[in-house]
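[1] sequence and predicted model, in that order:
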Amino acid sequence: MRVPFIKMHGLGNDFVVLDARAETLPPINARVAAALADRREGIGCDQLVLLEPSADADFRMRIFNSDGSEVGACGNAARAVALLHGSAARVETAGGIIAVEPDGGGARVDMGRPRFDWDAIPLAYPMDTLSMPVGWEGMDNPAAVNVGNPHVVCFVEDCDTVPLDELGPEIENDPLFPERINVNCATIESRTRIRLRVWERGAGLTRACGTGACATAVVAMRRGLVENRVTVVLPGGPLTIEWADSNPAAGASIVMTGPATEAFRGSFEWDDYA
Ligand SMILES: N[C@@H](CCC[C@H](N)C(=O)O)C(=O)O
């Protein structure tokens, strides 16, 4: 049996999208997702995205990292599926329901409310998540936030000089983070511009991370470092992040706007992965 797929990306963070909304596909589990994501033996991608029918929203988006782990959110994939769907939609994810809307060559996404409680991230034990008394070789005084998935954010003088390929896996797997963590290393360039590199949980260094941009922006807003609308510049390009109120008690959603691209369509032989 041949299974159709769509290769897409958001600022170079790339996805294999399987669309099971209208037709039944063979069962996708962690092992199959990791095999398809393998850049040498499979199709190759940072995340595998599986679209399914939903009882609570227009459709459901399941997200698997390239190591096979299933996760709650992916900002770049949200913009990609908005482009694919072609009109505004409510999308169920494991991290909550988000709202997407195509916008030019990309999409505008209501990513939902950030959560800052230590046990919502989750951390292993209570602490102030906006100013954490921990650090890893120059990545000091971080903050943590859950934007559908867990992130730790460190602000440094120049994020391009940080050896994120070495520190990323160490921080991702620190026992402080019982569900592992996405690692954001950011530099504030002005009141409206942040430069960001991300080591993604379960995927490693990526060209861009939409949820990482959201996490970094809301932490910078809560610390009073930037305005409530910022451009976050990742290695793959810029995203715009807005958060109406930097007081988390007000409960405002994060809004992310940026491009998405369909690269090509293809199919694979199911027996090669079953
Ligand atoms: N690339 C994504 C995030 C994908 C999930 C993440 N690696 C996790 O494990 O939570 C994005 O654009 O947000």
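    Cool, the structure landed.

[2] got the domain ranges for the protein?
    2-112+260-272, 135-252 (automatic domain parsing).

[3] closest one to D119 among those domains?
    domain 135-252 (9.8 Å; CB to CB). (Glycine included, C-beta is placed from N, CA and C.)

[4] before we move on, back to that, tell me the most buried of the domains of the chain?
    Sort the domains of the chain by mean neighbour count, taking mean count of other CB atoms under 10 Å, and domain 135-252 sits at the top with a mean of 20.

[5] average model confidence for that one?
    If you average the pLDDT over domain 135-252, you get 95.

[6] which element follows the longest helix along the chain toward the C-terminus?
    The residue-count maximum for a helix in the chain (DSSP state H) belongs to helix 210-222. Remark: after helix 210-222, the chain's next helix or strand is strand 229-234, criterion DSSP states H and E.

[7] tell me what that next one is packed against?
    Applying 3 or more CB pairs under 8 Å, 6 or more residues apart in numbering; DSSP states H and E, one finds that strand 229-234 contacts strand 193-200, helix 210-222, strand 237-243.

[8] CSV for these, including distance to the ligand?
    Below are the helices and strands packed on strand 229-234 laid out as CSV (distance: least, CB to the nearest ligand atom, whole Å):
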stretch, distance to the ligand
strand 193-200, 4
helix 210-222, 3
strand 237-243, 9
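
[9] select, out of the ones you listed, the one closest to S131.
    helix 210-222 (10.0 Å).

[10] so what's A124 scoring on pLDDT?
    pLDDT, read off for A124, is 98.

[11] if we can go back for a sec, can you redo the domains of the chain as a markdown table with distance to D119?
    Shown next, in a markdown table, are the domains of the chain (distance: least, CB to CB, whole Å):
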| stretch | distance to D119 |
| --- | --- |
| domain 2-112+260-272 | 15 |
| domain 135-252 | 10 |
